[in-house]
Structure formats: structure tokens, C-alpha cells
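**Q** what would the 3D arrangement of this be:
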Amino acid sequence: MPSTSAPAVRGPEDRPTEPTAAAAAPEVTSQVIGPGYTGRAYLSRLAATWGIPPKDRERIDFPGRPPGWHSSGVVRHGDTALWIAAVWDFDGELMSLTCQATVSAAKQAAFLRDCAGLDHPAARPAAAKDWLDGMKPRVDAAFTAGGGTPTDSPLLRSGSVAFVLQKLSDPSSGGDAYVLRSFGTGPS
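**A** A predicted model of the protein is given here:
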């Protein structure tokens, strides 16, 4: 009988090398993106550029992991949404940034490219944006072939940060959505 448990938590090197069903991809636990890196200036610019009002930071308790801080914000245009969420450790160091955009949102591509431009230590924003541009059609094809099953891309590693692109069906966001997540992985 097949297992219905969640995928095991492993390292980034255990992630698939081709787009795959999200449920089959092992979860990777976020670490700090870089010592002392808060991402505050970058996140403030991103939120201001896209008119996304961030909520105040709130404590978040992760099962089996240390607590941290979380903030998110969303802007809706009709039936579409752009959404940003960030998680910091208790010292204020950024651990992850998640951006979600309804596929049909005007400017969703530009929004996701801005999110891929995270200015973390050792960042290569041009390479991250090129990866995103090339990965979207591959994820789209796998999502369609999988009948709309949430689909994850392979990871892009950029120093101690990894990026993953997911496509999912999300009626609360007006239909299918892209989720771009960047997170700390520890030393590369």
C-alpha cells in the first residue's frame, strides 16, 4: 500500500532535477540566508513597488523547529492577487521570501522577476531572473501533464540561497498561481 505521509525533510541536493509533483519533492528546512542579512531594505522596496502593504511581524511557531517572525501582505486587482511573505529567525535574520501571483494577473511576470532579484549576500539576480524565465514553461508543461497537480521546479542554487518555482490551482487567488520561494540553505 503506498505511503500517504509527507515527504522526508532532506537537503537541497535531494530535490528533483526536473519539474515534479510538489507532494513528491522532499521538504527542505529553511536556514538563515546570510549572517546579519535581514532583507529589510529589499522587502520594503518590493512592497512599495507593487503596492503591497505588509502586516506587522508576528511570532510564528514551527512544529519541531525554533520559532521565528513572519510578515505578509497582499494586493488584489479584481480576481487576481500578488502576495509576499517573509520569515525571519528570532535574531531578525531573513530565512525565506515567498511571492505568489495569480497566473492571469497583469504584470505577474514582472512581479516574480522582481522577487527573483533578492539582494542576499552572493546574489546573482540576473541569473535568478534568467532561470525563472526558462523554468516557467517547463513547470507549466508539467502542471498541465499532471492534470493541475501542484508542481515544483528543480532548485536554483545561488550561494547559500535556493529558489523553487511552484504552480498550483488556487481559487482564492483567482485561479492558477505561481509561487516563487527563496530560502536559506546553509553553506553551499
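
**Q** A142: what's its closest spatial neighbour, skipping adjacent residues?
**A** P19 (3.6 Å; C-beta to C-beta, 6 or more residues apart in numbering). Quick note: C-beta positions are derived from backbone N, CA and C, even for glycine.

**Q** what's in contact with the lengthiest helix in the chain?
**A** Looking across the chain with DSSP state H, the single longest helix is helix 125-145. For helix 125-145, the external contacting residues (C-beta atoms under 8 Å, 6 or more residues apart in numbering) are 18-20, 109, 112-113, 116-119, 149-154, 156, 158, 163, 165-167, 176, 178, 180.

**Q** count of neighbours near I33?
**A** By other C-beta atoms under 10 Å, 30 other residues sit near I33.

**Q** just P26 next, same as before
**A** 14.

**Q** now it: phi and psi?
**A** phi -70, psi 140 (degrees, to the nearest 10).

**Q** so it touches R15, yeah?
**A** Yes: using C-beta atoms under 8 Å, P26 is in contact with R15, at 6.6 Å.

**Q** distance of the residue nearest to A142 from Y42?
**A** In this view, P19 and Y42 are 27 Å apart by C-beta to C-beta, to the nearest Å.

**Q** do D152 as well
**A** 24 Å.

**Q** between P19 and Y42, tell me which one has more neighbours.
**A** P19 (24 against 20).

**Q** isn't that one up against D152?
**A** Yes: the pair P19 / D152 is scored as a contact, 6.8 Å apart, by C-beta under 8 Å.

**Q** R45 sits in which helix or strand?
**A** helix 40-50 (DSSP states H and E).

**Q** can you point out the buried residues in that helix?
**A** For helix 40-50, burial by neighbour count (16 or more other C-beta atoms under 10 Å) applies to 42-43, 46-47, 50.

**Q** count the neighbours of A22 for me.
**A** The burial count for A22: 20, using other C-beta under 10 Å.

**Q** which residues sit in contact with it?
**A** 149-152, 166, 168.

**Q** next step: those restricted to helices.
**A** Among these, none falls in helices (DSSP H).

**Q** go through those and say which is closest to G36.
**A** Lowest distance from G36 to the contacts of A22 (C-beta to C-beta) belongs to Q166, with 28.9 Å.
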